[in-house]
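[1] Got a predicted model here, sequence first, then my questions.
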There are 4 protein chains.
Amino acid sequence: MRRMLTLDFHPTGRHFLQIPGPSPVPDRILRAMSLPTIDHRGPEFGALGLRVLASIKQVFKTRHPVVIYPASGTGAWEAALCNVLSPGDQVLMYETGHFAALWIKMAKRLGLQAETLGLPGVEGWRRGVQASMIEERLKADTQHAIKAVCVVHNETSTGATSDIAAVRRAIDAARHPALLMVDSISGLACADYRHDEWGVDVTISGSQKGLMLPPGISFNALSPRALEASRAAKLPKAFWAWDEMVEMNATGYFPYTPNTNLLYGLAEACDMLLEPASGGLEGVFARHRRWAEGVRADVRAWGLEIQCVDPAVYSPVLTGVVMPEGVDADAVRRLIYERFDCSLGTGLGKVKGRMFRIGHLGDCNDLTLVAALAACEMGLKLSGVKLAGSGVQAAMEYFAGHPAPVSLAKAA
Amino acid sequence: MRRMLTLDFHPTGRHFLQIPGPSPVPDRILRAMSLPTIDHRGPEFGALGLRVLASIKQVFKTRHPVVIYPASGTGAWEAALCNVLSPGDQVLMYETGHFAALWIKMAKRLGLQAETLGLPGVEGWRRGVQASMIEERLKADTQHAIKAVCVVHNETSTGATSDIAAVRRAIDAARHPALLMVDSISGLACADYRHDEWGVDVTISGSQKGLMLPPGISFNALSPRALEASRAAKLPKAFWAWDEMVEMNATGYFPYTPNTNLLYGLAEACDMLLEPASGGLEGVFARHRRWAEGVRADVRAWGLEIQCVDPAVYSPVLTGVVMPEGVDADAVRRLIYERFDCSLGTGLGKVKGRMFRIGHLGDCNDLTLVAALAACEMGLKLSGVKLAGSGVQAAMEYFAGHPAPVSLAKAA
Amino acid sequence: MRRMLTLDFHPTGRHFLQIPGPSPVPDRILRAMSLPTIDHRGPEFGALGLRVLASIKQVFKTRHPVVIYPASGTGAWEAALCNVLSPGDQVLMYETGHFAALWIKMAKRLGLQAETLGLPGVEGWRRGVQASMIEERLKADTQHAIKAVCVVHNETSTGATSDIAAVRRAIDAARHPALLMVDSISGLACADYRHDEWGVDVTISGSQKGLMLPPGISFNALSPRALEASRAAKLPKAFWAWDEMVEMNATGYFPYTPNTNLLYGLAEACDMLLEPASGGLEGVFARHRRWAEGVRADVRAWGLEIQCVDPAVYSPVLTGVVMPEGVDADAVRRLIYERFDCSLGTGLGKVKGRMFRIGHLGDCNDLTLVAALAACEMGLKLSGVKLAGSGVQAAMEYFAGHPAPVSLAKAA
Amino acid sequence: MRRMLTLDFHPTGRHFLQIPGPSPVPDRILRAMSLPTIDHRGPEFGALGLRVLASIKQVFKTRHPVVIYPASGTGAWEAALCNVLSPGDQVLMYETGHFAALWIKMAKRLGLQAETLGLPGVEGWRRGVQASMIEERLKADTQHAIKAVCVVHNETSTGATSDIAAVRRAIDAARHPALLMVDSISGLACADYRHDEWGVDVTISGSQKGLMLPPGISFNALSPRALEASRAAKLPKAFWAWDEMVEMNATGYFPYTPNTNLLYGLAEACDMLLEPASGGLEGVFARHRRWAEGVRADVRAWGLEIQCVDPAVYSPVLTGVVMPEGVDADAVRRLIYERFDCSLGTGLGKVKGRMFRIGHLGDCNDLTLVAALAACEMGLKLSGVKLAGSGVQAAMEYFAGHPAPVSLAKAA
């Protein structure tokens, strides 16, 4: 007699997973992942490896190597740091929110001198990276002691998508040789991202957001400068080391055991994202922008504040909803979860209990989002929050009034 | 190079299957169905067979045999007729809608004298079975020429759930020996159904509605009188014959090859439906009633008519929404499908183009339904239909104001 | 707390399903079958329907309609009979074994005058159809009272694959207008089969053999003459009726609910069978012939008799192994099942307990068969059966010495 | 139009994955892994986390924390080293084969002073750890400069399973405080392993061997002394750091995103391994011992040498088969793969081209192994290798003559 896993404590129906990642995984990817595991040294694996390594480059918009780790995203942060830096190296890290702060904490733990930049207090968590602050700081670093500038592309804790091209321009304007390292864990394959064009040296990403996979795979996209820097870097590394990876990847294989079944999923995910009939990557970005706009129309109609206060950097991936004074965001979330079988993201760090986050990423459509917004609206009312109007109505009006650019494409 | 099946022509997200069956299949059942096929003459199959045969009796609320056919529902209609009747036999069939009409057509095709009872015109398609008409007709049949009374429990084409106990009382009041045969294809495991208590002789059902399975399995629940009648019945039958089935089922096996992988799904489905922590069958019925109430609150708020005009027989399974004069219901459905990735049921037969049907059955929850109603509301507005108010708001108010009887139960 | 299905009573490893069907289902097909159920009246289904209806014609080698039933194979037998015949019609049925006998029994049950032809006693179960006997009988039927000749292509109970072209020639030689009806349930997609070229009027088949699907789908391939005959045939029919099927299939849809998820599997199966890089259907036939040859090399080495005594009609699908006098074949089978996790086919009807059957069909390869033969060899020895030599060695020699015609093809 | 992954280049049948890991994954685990991804901060995940954390302790036979990494096994090697050691620390590492050598290489790369112990040349790769050499070396280290002793339990490259209890006794006999660190990546859940009883401080393991999961999860089982050492250790670490892991695991959660879908698989795997009706862990060990014995009977019958020359440490997990002089083991492997759809392990490092490895682990049974041995026997003969006799016959005799201790248990 065996017990089965209980993955949903509600009696019926499908859970609405509206956290900003792990995102809902398409059925097609889940099925691909469940195919039998193959020999990671055999001919079939070589073909699979070459395929995913080629596809993922297109997703990062790079011609340079992308390292695929059989490890979740936090590992790729560490990988990026330890491959190009040496103990005691100085790095300039911009704090846009909780995940930027965690990365800074990690850098310090690894023995780096991490200098934090950012607007003061909670204010800094409501905007994107201020490129001018980076430029100013780098100009002051006339000795070029700073080895790398680290920023988060899409800050998952707040819903602000920083302008990475502007950061590149700031570094260039300061004529500073620091490497540009970007965390696009939750941005990639949701928000426009251009590793090569924007002159990024290392981009970190993960599987469980725009790539619509379960967690367990993460990435470092490299630049030639990053590869060069890695040859001199002295932080200890083995599992994360790029050298053997890049060398073996040339034939489609990996130096140690890869995450075979998740790679099946990655192959499917890339096919879906790059599918011309669905609009390819530009279609992906357009869909996320439109969903985000609909969700923000809802929040405005409720009369609630959006965590990100700069419309220029509104995230296409998630929206933070600030609670009125005196309302415990986590109590609202719990009620929504219990009553309506919908998971939302909690407020993290400085904004714990003050806001919740709605994910609008991955395998999603208008109705999924309307349902999630309905769960929020019902939950907020049941929690006694006074709403200015119906956000759900506003979102419906937005979605009905703005057809998706590519709406019926899979048939092609 | 292989082509994959394209099961959704929309570029992303999960389809909302809101037709009144096939209903959305829980992930757990889909996974169970994909396990390797076993020997249908081996020991494991015997254990599986005994298990599903025992469980399905509980679902029908019967102590008598339930025959499981490896065939879809239409076959079970034919099975019911050909096992108890002889060529030229007279049967009294009540027309509540399109599916009742199709069954009548089948009876005639099989060479039976099928007499149709029902209220005239479209009116008959907006109400349940009028038991008094049956009583009256049977009383007039003093020679007992009528061999069986056939009614549809939940008329899938209209959304009316007839009172089967009342039909039983009508037959008894007429002191008539006719068998009572009931189609509960879409009623079983959604609406309360009691094969034994209501004195039903043959109940017909299928897998793809309340049982939450894909189509491919169907049922005949029997009574001792039905079994006795089958011994004298002369309509030719082989595949549908009860005798060998009932005999072999005693050991868990079937006379010919059963639908093995769907039986895996049936075992899971019965476990889910009978799960005490989720409220068992009574919990299932309560959930469907509540969902239906929410959907009707929506339709009323729109100011549109519900196809079923008798609140006493409102269906917990589906709701028919009548279009205002001049609106083509199928054009609205098509727009909703194309724009919002949601399938609704078409109007059938007499009401073709005049209404559409919203299914609220199977693996469903409040948010699934709110999403479907939002799709309808957006689609109706985009089609130029004037709505009195927001049905989605009304449904949200209903769902928020009426917590489900068992809402967080799977954990137990 | 939920109980999971136990589909293998052995503690570890994958069961070897070596019965002559249901055959082992490829992982790819099982995964396809587990995708979410779609609306059988929606656009995606239409595309799926057209695809499977076109593919299955290629498998039958016909240009005429193939009817797909959402029912297991026994149903397709009934369908074939009731669509072209009338009560009391005379049919000539050749008994090659247990399944032919079951079909004859069904014909009688349906009210047909089924005349059985065949060699006497067990002898008839060790050879294929004797076409000359059919010719002779038809010549004697100068009134053309016989409406149809029914034969089994691959007799699953014995392992003889009859020469259908010869039966056609026999009917033609007799200048008799009887329809030719062929059961190729276990022959199709294993043994060469040519519906049009051989002038077959109705071919019956099922999903769970060469098509490598679970049971639950069955087929009637038609000829123009069969379609014409169906218009006059008087046996009652509804579910099995061809007319509405053929009409609706033109657009990819079905008159009643089809077996959606098994159709996903059918689409995959046809892709696999018709794949040019794997040799297409001719590759499929060549593989089965080679496997059968290897298995027979084994049985000969054991010094045991093969059930089929005519090498011209040895089945490429299965091999019947006759036990020495005094050995209970079923006791041997049980021991093999219990000790070695391998299922074999039982002896049926006249040969119950006298032989067992080894299936070599479906998703199979040389090692699967060597393993099954090893299970038999170990089981026979443990049962005290004296063997002349090692069959496993003989099979290994055969397989090593005769490379498969297309051995490494999927990569293309 | 989408392309599917081609995971087997052979036209039909199931691949025989007989490498010493990744091992064949049971269907039940593959299905569990394909269930929808859940919120790793939600209530369901907490229940899942507590369950797998409790179960995995039983598998390691420990009462102390086991850290689960969302990373493949090589990562867990690094984790073990960097959590308890500081830059420049001296470690004593015993080289039993290629994987031990890789671990030594990693330790050096991480900046440790790794001293290699072992028998000279290829000889060291044919035996287990010589505990006396460790004792001797530790006794000489009177200053206790050596911080840790590192050994491999089951050397996957050779097929020797070292006596870990003896290593513990050696350290104790030397009264040396060095930590004992053991790689049981391929030993765990195949060969008997007792983390607590044997006084191991850190055990490293992975998912893709005895646990029968795809790669992607790895483990560090800890001791109180290891935890204490970790508080002073200075190697940089973040992703691998135990402290936050152990702290958060108390409630079933993880400090960063876990490998959710593989954890579903882990829950199933532990259920299967610990299942009392299948004999629990002792049943698992007994099955592997028996399989290994059968495989060795085969190799002896061929007249070929087994890589491991010490019967006391024969591995229950895999067997290395040494080729006669002049035979290229990899050419034999390639032929076996191409002709018989079976993957074997290559010779690694010092024994490249000289031997191949047969895995007998994971979801396996007698027939799987006989099939793999038949592939080897046919492949060896086709490669022109002279064999003394039929190994397959010897294996069959062994398996038939030695029934498994628990052979029909799943039914319970």
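    Sure, I can see it.
[2] Only C-alpha atoms from now on, for both contacts and neighbour counts.
    Noted.
[3] So A:Ser132 sits against A:Ala170, correct?
    Yes: applying C-alpha atoms under 8 Å, one finds A:Ser132 in contact with A:Ala170, separated by 6.5 Å.
[4] the more surrounded of those two?
    A:Ala170 (22 against 15; other C-alpha atoms under 10 Å in any protein chain shown).
[5] Now do the phi/psi pair for the more buried one.
    Dihedral pair for A:Ala170: phi -60, psi -40, per degrees, to the nearest 10.
[6] and the nearest residue to it once chain neighbours are set aside, how far is that from B:Asp341?
    Take A:Ala170 and drop its neighbours on the chain: the residue closest to it by C-alpha to C-alpha, 6 or more residues apart in numbering or on different chains is A:Glu135, 4.7 Å away. Counting by C-alpha to C-alpha, to the nearest Å, the gap from A:Glu135 to B:Asp341 is 47 Å.
[7] neighbour count winner among those two?
    When A:Glu135 and B:Asp341 are compared for neighbours, B:Asp341 comes out ahead with 26 against 22, by other C-alpha under 10 Å.
[8] Next up, the contacts around the more buried one.
    A:365, A:367, B:10, B:14-16 (C-alpha atoms under 8 Å, 6 or more residues apart in numbering or on different chains).
[9] Which members of those are the farthest-apart pair?
    Greatest spacing in these, by C-alpha to C-alpha: A:Leu367 and B:His10 (12.5 Å).
[10] Between those two, tell me which one has more neighbours.
    Between A:Leu367 and B:His10, A:Leu367 has the larger neighbour count (other C-alpha under 10 Å), namely 26 against 22.
[11] Surely that one touches B:Arg339?
    No: between A:Leu367 and B:Arg339 no contact is recorded; they are 10.1 Å apart, counting by C-alpha under 8 Å.
[12] Look up which residues are beta-bridged to whatever residue of chain A ends up closest to chain D.
    Proximity of chain A to chain D (C-alpha to the nearest C-alpha) peaks at A:Ala71, 4.1 Å away. Taking DSSP bridges as the rule, A:Ala71 bridges to D:Ala71.
[13] I'd say it and A:Pro214 touch.
    No: look at A:Ala71 against A:Pro214 with C-alpha under 8 Å: they stay out of range, at 11.4 Å.
[14] what's in contact with stretch A:78-89?
    A:106-107, A:110-113, A:145-147, A:181, A:202-204, A:220, A:226-227, A:229-237, A:240-242, D:238-239.
[15] repeat for stretch A:19-26
    A:17-18, A:156, A:186, A:208-210, A:212-215, A:317-318, A:343-345, A:357-364, B:13-14, D:36-39.
[16] residue ranges of the strands in the stretch 251-400 of chain A, please?
    Applying DSSP state E, counting those that start in this stretch to the stretch 251-400 of chain A gives strands spanning A:305-306, A:318-322, A:342-343, A:345-346, A:355-359.
[17] could those be laid out in a markdown table, adding mean neighbour count and mean pLDDT?
    Output for those, formatted as a markdown table (neighbours: other C-alpha atoms under 10 Å in any protein chain shown; pLDDT from 0 to 100):
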| stretch | mean neighbour count | mean pLDDT |
| --- | --- | --- |
| strand A:305-306 | 20 | 98 |
| strand A:318-322 | 27 | 98 |
| strand A:342-343 | 24 | 98 |
| strand A:345-346 | 24 | 98 |
| strand A:355-359 | 28 | 98 |
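[18] between those strands, which gets nearest to C:Ala140?
    When those are compared by C-alpha to C-alpha, strand A:342-343 sits nearest C:Ala140, at 76.1 Å.
[19] what's the offset of the closest one from the middle of its chain?
    Its chain's average C-alpha position is 19 Å from that of strand A:342-343, according to C-alpha atoms, centre = their mean, to the nearest Å.
[20] which helices and strands sit right next to it?
    strand A:16-17, helix A:329-340 (3 or more C-alpha pairs under 8 Å, 6 or more residues apart in numbering or on different chains; DSSP states H and E).
[21] What ranges does chain A have for its helices?
    Under the criterion DSSP state H, helices of chain A are mapped to A:27-33, A:43-60, A:73-84, A:98-109, A:131-140, A:164-173, A:224-232, A:242-249, A:260-274, A:280-302, A:329-340, A:366-382, A:391-401.
[22] of all those, which lies closest to B:Leu50?
    helix A:27-33 (30.0 Å).
[23] Which residues does the closest one contact?
    So helix A:27-33 is contacted by A:213, A:261-266, A:268-269, C:31-32, C:34-36, D:33-36 (C-alpha under 8 Å, 6+ apart).
[24] Give the buried residues for stretch A:288-306.
    A:288-302, A:304-306 (16 or more other C-alpha atoms under 10 Å in any protein chain shown).
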